[in-house]
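Engineer: Prediction below, plus the sequence it came from.
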Amino acid sequence: MTALTLKDVNKSFGEVHVLKDINMEVEEGEFVVFVGPSGCGKSTLLRVIAGLEDATSGEVRIGGEVVNMTPPSKRGIAMVFQSYALYPHLNVRGNMTLALKQEGQSKAVIEERVQKASKMLNLEAYLDRFPSELSGGQRQRVAIGRAIVREPKLFLFDEPLSNLDAALRMNTRLEIAALHRQLGATMVYVTHDQTEAMTLADKIVVLRDGRVEQIGSPMELYNNPANQFVAGFLGSPS
Ligand code: ADP
Ligand code: MG
């Protein structure tokens with residue numbers, strides 16, 4: 001089953017043409033990484049998938065359904081940003097459950113999902129703490145937990161590790177990879193970091209200046225880059 005399809009997606013802000021004829025598919029359960037230099041349109045693309053921005057033209061399908069007109073909350077997606085964007089006045093439990101309460105989930109369902117997610121993320125001991133009492137890595141885990149409890153069809157990550165120091169970045173990257181295996185979920189992950197792309201992805205989409213340069217597995221791109229840009233960007237000798 002195809003989890004996500006982008007068909008001839010374009011996005012302009014006024015005169016500025018940011019996304020140019022993006023075509024690609026994500027299969028169910030796949031971990032797909034969009035990689036490219038800063039400013040190439042990665043965040044815009046995630047925001048178009050999430051429905052936080054409208055595509056100027058083209059089609060976004062999630063689970064086979066065209067969602068161009070569907071509001072973000074009805075798309076079955078959950079997004080994790082680079083800034084954790086936790087609510088400072090809510091404790092960890094409060095941050096993780098807010099969206100579920102807004103959805104009108106029952107207390108029992110909410111509790112079960114919080115237990116499950118906090119166990120997966122080693123946050124069981126921190127449920128009563130406030131964001132200011134947590135480390136950067138713990139905050140990012142809460143932000144991920146907040147996505148997990150919603151049981152989305154599709155996870156969207158926008159450079160989730162870029163505010164963490166090098167050691168934490170590696171740890172959290174391994175945790176995200178483990179989560180992908182445990183949940184079997186479909187994940188779309190954006191980064192400008194080649195290592196993250198090469199180590200996390202089933203499939204990499206290389207973006208440059210709003211266009212898809214190449215799509216393939218890490219090995220395909222490494223061994224068979226379509227051009228100098230991909231070769232240079234993914235660090236293989238050409
Ligand atoms: P990336 O995430 O790859 O660094 P972005 O998607 O944030 O890139 O930005 C791509 C381009 O789109 C940039 O040139 C940026 O200035 C422009 N852009 C992004 N959002 C807006 C907006 N709301 N209005 C105008 N231009 C925007
Ligand atoms: Mg960005």
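Structural biologist: Alright, I've got the coordinates. Ligands and ions are numbered 1, 2, ... in the order given.
Engineer: Can you tell me the centre-most residue of this protein?
Structural biologist: In the chain, the centroid-proximal residue (C-alpha atoms, centre = their mean) is residue 157; its distance is 1.9 Å.
Engineer: Can you pull the poorly scored residue ranges out of the chain?
Structural biologist: Within the chain, the segments meeting pLDDT under 70 span 236-238.
Engineer: if we go to 50?
Structural biologist: 237-238 (pLDDT under 50).
Engineer: Nearest to ligand 2 within it, name that residue for me.
Structural biologist: Distances between the chain and ligand 2 by C-beta to the ion are smallest at residue 43, namely 3.2 Å. Glycine gets a C-beta too; all of them are placed from N, C-alpha and C.
Engineer: thinking again about what came up before, report the beta-bridge partners for the residue nearest to the centre of the chain.
Structural biologist: residue 80, residue 189 (DSSP bridges).
Engineer: Next up, the contacts around it.
Structural biologist: Contacts for residue 157 (C-beta atoms under 8 Å, 6 or more residues apart in numbering) come out as 79, 80, 176, 187, 188, 189, 190.
Engineer: Point out the other helices and strands that the strand or helix carrying the fourth one packs with.
Structural biologist: Counting by DSSP states H and E, the element that carries residue 187 is strand 186-191. When contacts are defined as 3 or more C-beta pairs under 8 Å, 6 or more residues apart in numbering; DSSP states H and E, strand 186-191 sits against strand 2-13, strand 16-27, strand 31-35, helix 42-50, strand 154-158, helix 166-183, helix 194-200.
Engineer: again, only this time at 6 Å
Structural biologist: If you count contacts as 3 or more C-beta pairs under 6 Å, 6 or more residues apart in numbering; DSSP states H and E, strand 186-191 packs onto strand 31-35, strand 154-158.
Engineer: Distance-wise, check the closest residue in space to residue 2 that isn't next to it in sequence relative to residue 4.
Structural biologist: Leaving aside its chain neighbours, residue 2 sits nearest to residue 25 (5.3 Å; criterion: C-beta to C-beta, 6 or more residues apart in numbering). For residue 25, the distance to residue 4 (C-beta to C-beta, to the nearest Å) stands at 7 Å.
Engineer: More neighbours: those two, which one.
Structural biologist: residue 4 (24 against 15; other C-beta atoms under 10 Å).
Engineer: Tell me which residues touch the closest residue to that one other than its chain neighbours, please.
Structural biologist: Closest residue in space to residue 4, ignoring its immediate chain neighbours: residue 26 at 4.0 Å, by C-beta to C-beta, 6+ apart. Listed by C-beta atoms under 6 Å, 6 or more residues apart in numbering, the contact set of residue 26 reads 3, 4, 32.
Engineer: for residue 177, same thing?
Structural biologist: Residue 177 neighbours (C-beta under 6 Å, 6+ apart): residue 200.
Engineer: Spell out which parts of this protein neighbour ligand 2.
Structural biologist: Neighbours of ligand 2 within the chain, by C-beta under 5 Å from the ion: 42, 43.
Engineer: Show me which residues of the protein are close to ligand 1?
Structural biologist: Neighbours of ligand 1 within the chain, by C-beta under 6 Å from any ligand atom: 13, 16, 18, 38, 39, 40, 41, 42, 43, 44.
Engineer: ok, residue 147 - contacts?
Structural biologist: By C-beta under 6 Å, 6+ apart, residue 147 lies in contact with 78, 80, 155.
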